[in-house]
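J.: Just a sequence and a predicted model for now, questions to come.
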Amino acid sequence: MATAPDMFSREDEVQILDTITNWLEKEVRPVTKKYEQADEYPFDLVEQMKELGLFGLTISQDYGGLGLPPTTYAKIVTAIAEVFMSIGGIINSHLMLGTLIYRFGTQAQREQFLPRLATGELRGALCLTEPDAGTDLQGIKTVAKRDGSDYVLNGSKMWITNGLYGSLYAVLTKTDPAAKPAHKGMTMFLAEKGPGFTVDRKLKKLGYRAVESVGLSFSDFRIPAERILGGEEGHGFHHAVGGLELGRINVAARGVGIANAALKDSIRYSQQRRTFGKPICEHQAIQLKLGEMATRVEAARLLTNQAAEKYERGERCDMEAGMAKLFASEAAMYCAQEAMRIHGGYGYSAEFDIERYYRDAPLMCIGEGTNEIQRILIAKNLVRLFPA
């Protein structure tokens with residue numbers, strides 16, 4: 001999915017990051033509180049994101065995207081999360097869908113969908129999790145049964161980002177519920193809305209506001225067999241897991257952004273706030289917090305970049321992506337909490353951004369596989385790498 005090194009230079013990266021950073025400061029930061037506190041979808045920002053090409057960041061240039069390397073993509077996600085993490089979620093699921101189609105789709109599917117995804121004409125969503133199945137994807141209950149040249153889908157999905165305003169959905173189903181092991185009977189479909197496809201409700205959340213997370217239902221929803229991702233049944237679990245590597249790099253990058261934003265705000269505040277005749281940054285208790293926060297931010301950044309570099313080389317990076325996601329999300333949690341302690345009462349006030357970081361950070365520990373499952377996956381990889 002990445003652009004070849006000789007097609008993308010360091011100067012290109014700097015220019016793109018500067019453009020996006022300027023947009024974030026000029027257009028996004030002034031309206032962040034408005035959208036976040038009202039939990040209002042930022043339609044105008046989304047239109048600007050289309051103009052900037054954000055919906056095609058990692059989509060190949062062959063299909064009208066920017067074809068950016070994963071390392072550059074991670075830096076862009078970090079910059080966005082420092083200002084308004086929610087809008088990073090709008091492009092995350094979308095680009096994961098683009099990655100799935102590029103890596104596993106048929107040539108006809110690539111040609112049909114990728115150019116429209118790159119411009120934002122189509123907006124992508126992943127429909128993996130269900131009310132009773134999150135990290136354990138093999139436990140899903142949504143079923144797709146063959147009926148002539150179509151399949152008929154029945155079931156429900158939960159916590160679907162872009163579920164309300166999206167237009168193309170990768171839906172994980174079971175085409176053979178009796179398969180042993182279960183993953184051999186799972187198939188991914190590329191679905192667009194139609195009769196039998198219902199958005200049930202928008203879910204209210206602690207944080208991650210202004211981007212919708214919804215429940216979806218499929219009731220005798222018909223979809224042509226040609227919409228099976230890759231054209232063959234039985235590969236859906238492999239497709240879903242393959243897409244999660246980029247997703248976990250995205251979540252890690254968002255964690256870095258939140259952690260760094262909390263650190264920067266804390267440094268500024270500690271230089272302005274005075275107690276006992278001097279700025280609180282001169283008090284040892286605050287210095288200990290800032291030093292620990294800064295170290296965790298940089299460690300998270302390095303782990304995220306390491307995972308992105310390996311993904312960029314086309315190497316398997318589930319362990320590295322898991323490590324980055326685990327550490328960066330926990331760094332975001334830690335830094336948000338310490339920032340609130342440094343700000344005191346002001347950190348608890350909606351007038352400052354600290355309370356938003358504090359509410360947004362926990363999602364990073366849950367999304368794209370809980371941190372508990374990341375630890376297990378890391379351990380399994382280590383055992384495989386260093387056999388007795």
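T.: That came through fine.

J.: The residue of the chain positioned farthest from its centre and Ser270: what is the separation?
T.: Largest separation from the mean C-alpha position in the chain: Gly277, at 44.5 Å (Cα atoms, centre = their mean). Using Cβ to Cβ, to the nearest Å, one obtains 15 Å as the distance from Gly277 to Ser270. Placement of C-beta: from N, CA and C, glycine included.

J.: ditto for Thr21
T.: Distance from Thr21 to Ser270, by Cβ to Cβ: 24 Å.

J.: ok, these two, which is more surrounded?
T.: In this view Thr21 and Ser270 are compared by other Cβ atoms under 10 Å, and Ser270 has more residues nearby, 21 against 15.

J.: Please name the nearest non-neighbouring residue to the more buried one.
T.: Cys281 (3.8 Å; Cβ to Cβ, 6 or more residues apart in numbering).

J.: Could you count how many residues lie near that neighbour?
T.: The burial count for Cys281: 18, using other Cβ under 10 Å.

J.: Quick check, it in contact with Arg274.
T.: No. Counting by Cβ atoms under 8 Å, Cys281 sits too far from Arg274 to count as a contact (9.8 Å).

J.: what's the next secondary structure element after the helix or strand Ile90 falls within?
T.: Secondary structure assigned from DSSP states H and E places Ile90 in helix 70-104. Counting by DSSP H and E, the element after helix 70-104 in chain order, helix or strand, is helix 107-119.

J.: Okay, Ala321 and Asn250: tell me how far apart.
T.: 10 Å.

J.: Now do the contacts for Glu212.
T.: 41, 161-165, 202 (Cβ atoms under 8 Å, 6 or more residues apart in numbering).

J.: and the residues you listed, which are buried?
T.: 41, 161-165 (16 or more other Cβ atoms under 10 Å).

J.: With respect to Ile373, which of those is nearest?
T.: Nearest to Ile373 among the buried ones among the contacts of Glu212: Thr161, at 19.1 Å, using Cβ to Cβ.

J.: What score does that closest one have for pLDDT?
T.: At Thr161, the model reports a pLDDT of 95.

J.: so it makes contact with Ala125?
T.: Yes. Assessed by Cβ under 8 Å, Thr161 is found in contact with Ala125 at 6.4 Å.

J.: Could you pull out the residues contacting both of the two?
T.: Ser93.

J.: show me what contacts Leu172?
T.: Applying Cβ under 8 Å, 6+ apart as the definition, the contact partners of Leu172 turn out to be 127-128, 137, 140, 142, 186-188, 236-237, 240.

J.: which residue packs closest to Phe197, ignoring adjacent ones?
T.: Using Cβ to Cβ, 6+ apart, the closest residue to Phe197 is Phe221 (5.1 Å).

J.: residues near that neighbour, how many?
T.: So Phe221, with other Cβ under 10 Å, has 24 neighbours.

J.: partner residues bridging it?
T.: Leu153 (DSSP bridges).

J.: Isn't it up against Lys193?
T.: No. Using Cβ under 8 Å as the test, Phe221 is too far from Lys193 to be in contact (9.4 Å).

J.: What separation is there between Phe13 and Ala300?
T.: No, residue 13 isn't Phe; it's Glu. Distance from Glu13 to Ala300, counting by Cβ to Cβ: 20 Å.

J.: swap that for Thr106, please
T.: 38 Å.

J.: for the residue nearest to Phe197, what are its contacts?
T.: 152-154, 191, 194-197.

J.: and what of Met340?
T.: 347-348, 354-355, 358 are the contacts of Met340 under Cβ under 8 Å, 6+ apart.
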